[in-house]
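Visitor: following is a predicted model, sequence given first.
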Amino acid sequence: MVRERLTRVFREIFSDDDLVVTDATTAADVPGWDSLAYINLIYAVESEFAVQIPDERLGSFANVGELRVCIEELRDVG
Amino acid sequence: MSDPMGTTRRRIAELTAAAAAAEVPPAGLCRDLALAHERADDPAAAMRWALATADAGNDLACWTAAAGVLRRGSPGAAPLPRSAKIAVLGSYTTAQFTALLPLAAARAGVAVEVYECGYGQYRQEILDPGSGLHRFGPDVVILAVHEGESALPALAEDPEGAVAAEVGRWTSLWEIIISRLGARVIQHTFVVPDTEALGHLALRVPGARSSTLAAVNAALGRAAAGGQSGSQVGGQVAFVDCERLAATVGKRSWFDPRYWHRAKQAVSLGHVPMLARHTAAVLGAQLGTSRKCLVLDLDNTLWGGVLGEEGLAGIALGDGPVGEAFAAFQEYLGRLRTRGVILAVCSKNNEADALEAFERHPAMRLRLADIAMFSASWEDKPTQIRRIASTLGIGLDSLVFVDDNPAEREAVRQLVPEVDVIALPRDPHGYVRAVADYPFFEPAALTAEDTARTEQYRARARVAELATSATSLEEFHRGLEMVATVVPLDELTLPRVVQLIGKTNQFNLTTRRRGAAEVAELAADPSTTVICVRLADRFADHGLVAVVIARRVAGPTGTGGAGEPGESGGAVLDVDTWLMSCRVIGRTLEDEIAGLIVTEARRLGCSAVRGHYLPTAKNGLVADLYPRLGFRPDPAGAADPGATRWVLPVTSSLNRPGLIRVVDARAGAAAVASASARTMEEVAG
């Protein structure tokens, strides 16, 4: 479920209804992913899942999978 | 899949069916429809749904996607009424705001090209003549600044001095933007933070930062209104009151410290769409695209219940919670009227009964004098609305419709799509807020004409009624008993003159836009004449309706036939600006004004008058005005393609229809009248 909603968020932020996002996806794989888009993405993720991602983890995601794991952890404790 | 276009069409059909199920489809659905139509290569529909996304809420992701559709849009989409070059100069990260601004501006009727300065570089951009800003040449500069950018101390020893110094920092930037860039300014006000170390005591400490910030906002407003002597910014600076927007959504929601520290976002990303919408509304007001007229249903909109069923005594108005809600709504509408919004009635009702309610019900806050045009019949509302627009002489894209009935709202949305429709909530207690939240009635200025506007349009409606019964047009015009008064350009008339220059599109020979400072400067030149004309008739005083700006210039040397005045070296009165409000087109006032121009040319010792016609999308009406008045093409021709130039020797006689009595109320008018009298004597002799 988190995977599907996360894909939806990515498609919205990057305006690409056909965008395919997997755990292995990185910034280099997504056209238009720059620092501005990353801020928008984090904002959208925090809104969608009603979580607050700690600053110290913002720079640590190597790929989408790590972001998803972080979201699931935050939702578990929240 | 082997049929991608078929897939897209089915997707559109599904989405359209879902959208039809809701009066205002959710933002996500609007965005999906915009993207689907884009994929189907239907740019007009894609744009329509992108703009609907901007109306459907404040969701950042949806707005971002819709702005993308707009950015990628192909020329198939309908052109917008206005276009402008906009510079966003920010003290914080404005990239999201800048990305959404074209969508918000398109919704306000303005196609924009946007320049954004580097992070926090706004001051350098303004001051450095070699900056990207100066090369860009904006029409409007948006100062998107946050309260941290003010230099106010946490506790000011001299609060008044600190406030004055802070105001000076901004007004000096305004003056540079206006005088060197020739641009207008939209200033975002400072949002007073919700954190105040002094607590409630701050209110009693004039030097507290929250007190001085609030004082700066108020003082900036006064400075923009021209309260400072010697100020050059009058009328050229508008505000987005971010302090009020932040209060509306809650200051703790408006500002998110996590995103400030992460990315220097001074406005929460969730509220950037709202900020863009309001900035665009202010921009539209500056450029003349604000809506003008609110069209009102009656039953269950202005009063509770159905008049035809309950009768005059049975409708809910004034008494009880529901009656009070309708009365409050009428009071709010009255305030809109007072500041210049035209109110019209569009009702399915017996006209006599509806009129009686306005005349006799003791709890009515609105009366017939507040209504510029009253349409109560059993015709469908789209038909009534089209007649309202044509009778008042305004475009359908100037109208906004309010009706409690969703079916009537939908009929108007579908059949008169130029009209904006406000979705009233079911509960009348929410009516005021629904209309107040509509941003596109934003005014650019408040002048005496704004307050008197309803009476002017009421008179116009009465004139239209009389027109249908006049046996001839001339007889009709004579029956109006029109009086044109030439008034001086002074501090009382300047705001209206500037408003006309900024807003008049149809009857405008050159469409040169100028601000107050520039007009005042021109008028101070003794070789320039500014003619301002008011018009009144038997029904109403239409106010100041026409402006001419003309300059005495040296004539051409040795051009054309010898002995021909205006072509052999005599001075020429060059008509730089000639415009007239659309309210009084077709009443022969232009003929009288032509006479005034020739009189001025003689007074200034010119041998001829020279006029220019510069075509725009809207001023075809006056393409043949000069030849109709008897001007001949200027042998020198005109520089621009499509433009024409005309000349008339001052010895020529002009046709004077004689349907308007002209009164000169300027100082020294006796001399002018005397000159006119001498001319008449010469003719008689």
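Guide: Received it, and whenever you're ready, just let me know what you need.

Visitor: for the residue in the stretch 451-600 of chain B positioned nearest to chain A, give me its contacts.
Guide: The nearest approach of the stretch 451-600 of chain B to chain A comes at residue B:513, 34.8 Å away (C-beta to the nearest C-beta). The C-beta positions use only the backbone N, C-alpha and C, and glycine is treated the same way. By C-beta atoms under 8 Å, 6 or more residues apart in numbering or on different chains, residue B:513 lies in contact with B:501, B:502.

Visitor: now what about the helix or strand of chain A with the lowest mean pLDDT, what contacts it?
Guide: Of all the helices and strands that make up chain A, helix A:55-58 has the lowest average by mean pLDDT, DSSP states H and E, namely a mean of 86. Contacting residues not belonging to helix A:55-58 are listed as A:42, A:70, B:258, B:261, B:262 [C-beta under 8 Å, 6+ apart].

Visitor: how about the residues of chain A near chain B?
Guide: Neighbours of chain B within chain A, by C-beta under 8 Å from any C-beta of the partner chain: A:9, A:12-13, A:15, A:17, A:36, A:39-40, A:43-44, A:47, A:52, A:55, A:58.

Visitor: surely residue B:664 and residue B:486 touch.
Guide: Yes. Counting by C-beta atoms under 8 Å, residue B:664 does reach residue B:486; the two are 4.6 Å apart.

Visitor: out of the contacts of helix A:55-58, which are buried?
Guide: A:42, A:70, B:258, B:262 (16 or more other C-beta atoms under 10 Å in any protein chain shown).

Visitor: how far away is the second one from chain B?
Guide: Counting by C-beta to the nearest C-beta, to the nearest Å, the gap between residue A:70 and chain B amounts to 15 Å.

Visitor: so which bits of the helix or strand encompassing that residue are buried?
Guide: Under the criterion of DSSP states H and E, residue A:70 resides in helix A:64-77. Buried residues in helix A:64-77, defined by neighbour count with 16+ other C-beta under 10 Å: A:64, A:65, A:67, A:68, A:70, A:71, A:74.

Visitor: hmm, residue A:23 and the fourth one touching each other?
Guide: Yes. Using C-beta under 8 Å, residue A:68 makes contact with residue A:23 at a distance of 6.5 Å.

Visitor: in the stretch 301-450 of chain B, which residue sits nearest chain A?
Guide: residue B:437 (22.1 Å).

Visitor: tally of neighbours for that residue?
Guide: If you count neighbours by other C-beta atoms under 10 Å in any protein chain shown, residue B:437 ends up with 10.

Visitor: for the stretch 351-500 of chain B, which spans come out with low pLDDT?
Guide: Across the stretch 351-500 of chain B, the ranges flagged by pLDDT under 70 are B:465-473.

Visitor: that older thread, from the buried ones among the contacts of helix A:55-58, pick the one nearest residue B:182.
Guide: Nearest to residue B:182 among the buried ones among the contacts of helix A:55-58: residue B:262, at 37.8 Å, using C-beta to C-beta.

Visitor: longest helix anywhere in chain B?
Guide: Counting by DSSP state H, the longest helix found in chain B is helix B:159-180.

Visitor: contacts for that helix?
Guide: B:123, B:126-127, B:129, B:134, B:141, B:143, B:150-153, B:156, B:183-185, B:187, B:206-207, B:211-212, B:215-216, B:219-220, B:223-224, B:228, B:231-233, B:236-237, B:515, B:517.

Visitor: and the buried ones among those, selectable in ChimeraX?
Guide: Here is the ChimeraX command that selects the buried residues among the contacts of helix B:159-180 (16+ other C-beta under 10 Å):
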select /B:126,134,141,143,150,152,156,183,184,185,187,207,211,212,215,216,219,220,223,224,228,231,232,233,236,237,515,517
